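# starting from these lines, generate the structure:
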Amino acid sequence: MTDSKVHSNIIFSQQIDTELRKIVQKYPAGKVFLLTDQTAAGYCLPLIQAVLDEFSVKQIAIPSGEENKNIQSVGLVWDFLSNNGADRKSLLINIGGGMLTDLGGFAASTFKRGLDFINIPTTLLAQVDASLGGKTGFNFNGLKNEIGVFMEPNSVLINTNFLKTIDRENFLSGYAEMLKHGLIKSREHWDELLAYDMEKIDYDALQEIIAHSVAVKEWHVLNDLTEQNIRKALNFGHTVGHAFESYAMKTSRPILHGYAVVYGMIAELYLSVKQCGLGIGELNSISSWMINKYGKFEIQENDFEALYQLMTHDKKNEGQRINFTLIPEIGKVEINVDCSKELIIEALKYYKNCGLRDTSSEL
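Residues are numbered from 1 along each chain as shown. As a prediction, the model looks like this:
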């Protein structure tokens, strides 16, 4: 077991029940609660059930899925806490994927102006991204994470045994955030990620790579908790990616978050060539690898305007500027890069044509 301390205590352990028991026993009897969703309840709770029974932890399971990351689900959690006597000395355990830890963190942060919470992420996406860094919230008016607060969990417990319960698509979705970390961190970490065999998963080796990936996010969070400066590096791929994700939901073609980030990274790599000097060969090589692994979310030119309008709602924007995080080379970032609408449309066109033919002529 290893600990890593930033604002949260991040614990990598194969003895998840032992670590959870150490935390729960610090709280008064009857003041520990658990939030999960219907999927995690069936697959993941058995790994910690003995601790839940030992301390008579009260539980609620909300509906699974991104479509349930809304104010109605938050209200269910608030009602549960209120009806069972939760107070500011209570603890809420969030166990599930990124949707659950985001929503549960928000509910805990706002109930009675804040009570302690810990995250036990059960998907790869949640382990390397969503459960870390203090961003909490829910979707509103068709926009991703439109309502939320910054609040760090007291602890995050990471155990790769939970990942044996997820399917390949969800594994790849989480791995996308690791790829992003590789691109903004170093060539060495990027190469490590490309070399890992995703067809034959070694969970022990994966835990070490996850620790490397988490360290990238930790550093950025430690140095800029509320995303005023360098933490914006973690948004690489997300300005376009969130637009893809929201548009996919609006058009009843939902895609997983990590897939949207991959597609966003392809478009933003194009912007990096145009604005920051990234090599054309690097762009085409990375894009080809990503399309090979992740396929595509198909768009047409008449979709471009709707995608652009979604980007204008991005939380990183300042006034009329759509701010991007771009990379002049692997391991280096430039934040707050302003791109014109014309250039953003060009990037969407590059993405649209990826995998169909040689797109280097469009540069």
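
# need phi/psi at L91.
phi -130, psi 130 (degrees, to the nearest 10).

# start at 777, not 1
With 777 as the first residue, the last one maps to L867.

# spell out the residue ranges of the helices in this structure.
792-800, 814-819, 825-830, 847-859, 874-886, 900-901, 944-961, 963-971, 979-999, 1014-1026, 1033-1052, 1056-1070, 1080-1087, 1117-1129 (DSSP state H).

# make a markdown table out of those helices and add distance to I838 and mean neighbour count.
Glycine gets a C-beta too; all of them are placed from N, C-alpha and C. Listed next are the helices of the chain as a markdown table, based on distance: least, C-beta to C-beta, whole Å; neighbours: other C-beta atoms under 10 Å:
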| stretch | distance to I838 | mean neighbour count |
| --- | --- | --- |
| helix 792-800 | 20 | 18 |
| helix 814-819 | 7 | 17 |
| helix 825-830 | 17 | 14 |
| helix 847-859 | 5 | 16 |
| helix 874-886 | 8 | 26 |
| helix 900-901 | 18 | 27 |
| helix 944-961 | 18 | 23 |
| helix 963-971 | 33 | 15 |
| helix 979-999 | 26 | 18 |
| helix 1014-1026 | 18 | 23 |
| helix 1033-1052 | 18 | 25 |
| helix 1056-1070 | 29 | 16 |
| helix 1080-1087 | 26 | 17 |
| helix 1117-1129 | 34 | 18 |
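
# out of the ones you listed, nearest to Q1096?
Of all these, it is helix 1117-1129 that lies closest to Q1096, at 10.2 Å by C-beta to C-beta.

# and the helices of the chain: which comes nearest P839?
helix 814-819 (6.0 Å).

# for that closest one, packing partners?
strand 834-838, strand 867-872 (3 or more C-beta pairs under 8 Å, 6 or more residues apart in numbering; DSSP states H and E).

# now do 10 Å
strand 808-813, strand 834-838, strand 867-872 (3 or more C-beta pairs under 10 Å, 6 or more residues apart in numbering; DSSP states H and E).

# of all those strands, which lies closest to G918?
Comparing the helices and strands packed on helix 814-819 under C-beta to C-beta, the one sitting nearest is strand 834-838, at 20.0 Å.

# okay, angle between the closest one and helix 847-859 too, please.
Following axes from the mean of the first three to the mean of the last three C-alpha atoms, to 10 degrees, one obtains 170 degrees for the angle between strand 834-838 and helix 847-859.

# any residues touching strand 834-838, and which ones?
806-818, 821, 828, 844-845, 848-850, 852-853, 855-857, 859-862, 868-869, 871-872, 875-876, 879-880, 883 (C-beta atoms under 10 Å, 6 or more residues apart in numbering).
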